[in-house]
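A.B. asks: Build me a model from this:
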Amino acid sequence: MSSVGSGVTDNLETRPWKAADLTALRAAEPLFPPDTYPRRFIAGSRQLRPLHRKVEHRLAEPEHRWTGQVALTGDRLVALAECSWDPADPGTGTLAVNVAEAWRSGALGYRVLHELVGRCVRLGITTFDLDYAASNIALQSAIDAIATETGVRYTLSGVTRAGIGHLTVRAEH
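C.D. replies: A predicted model of the protein is given here:
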């Protein structure tokens, strides 16, 4: 868990997902309006359903595992990074990151993604798949920064179609 206390980030806390966060995510849904999705889409699936429904669905899937990293200001959830994986392929996870519209101009998405990836690597997940808005130039910078900070070298492969990129990041051993 980490906290920051300066200006707009007063009382900002990041930490791993807890079951009670589903209620906070449901209440925060207006902070993630569908019409702003293309601007605040850092990485994730192409499905535009409400975040809390997507998380409920993931948690209910017995054939998948899921973990998340949240950012909260007070009791309001303002960012969610997620990783889901199939137990039959425990080394590969799918990442998604969403940041509330009002918080998207900072480094909050990077922060929750960095914390989540670190935890996932400790769990043995070394390959990550993610979709992203092709207009998002910050994603490559975030991946480079995470690799530098963790000391993990990686390879990238990807493709972009119709404004959506698909990227696979593999940690090298």
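
A.B. asks: can we go C-alpha only for contacts and neighbour counts from here?
C.D. replies: Will do.

A.B. asks: and the longest helix seen in the chain, average pLDDT?
C.D. replies: Longest helix in the chain, counting residues (DSSP state H): helix 108-122. For helix 108-122, mean pLDDT is 90.

A.B. asks: just checking, what packs against that helix?
C.D. replies: Using 3 or more Cα pairs under 8 Å, 6 or more residues apart in numbering; DSSP states H and E as the contact criterion, the elements in contact with helix 108-122 are strand 65-73, strand 76-85, strand 92-99, helix 138-150.

A.B. asks: Among those, which comes closest to Arg170?
C.D. replies: strand 92-99 (8.9 Å; Cα to Cα).

A.B. asks: What residues of that closest one count as buried?
C.D. replies: 92-99 (16 or more other Cα atoms under 10 Å).

A.B. asks: Adjacent strands (with direction) for it?
C.D. replies: Using DSSP bridges, the strands paired with strand 92-99 are strand 41-43 (antiparallel), strand 76-85 (antiparallel), strand 127-133 (parallel).

A.B. asks: Figure out which of those is closest to Leu25.
C.D. replies: Of all those, strand 76-85 comes closest under Cα to Cα, at 6.0 Å.

A.B. asks: buried stuff in that closest one?
C.D. replies: Neighbour-count burial for strand 76-85 [16+ other Cα under 10 Å]: 77-85.

A.B. asks: For Val152, state which of those residues is nearest.
C.D. replies: Cys83 (18.3 Å).

A.B. asks: Show the pLDDT at Glu82.
C.D. replies: 91.
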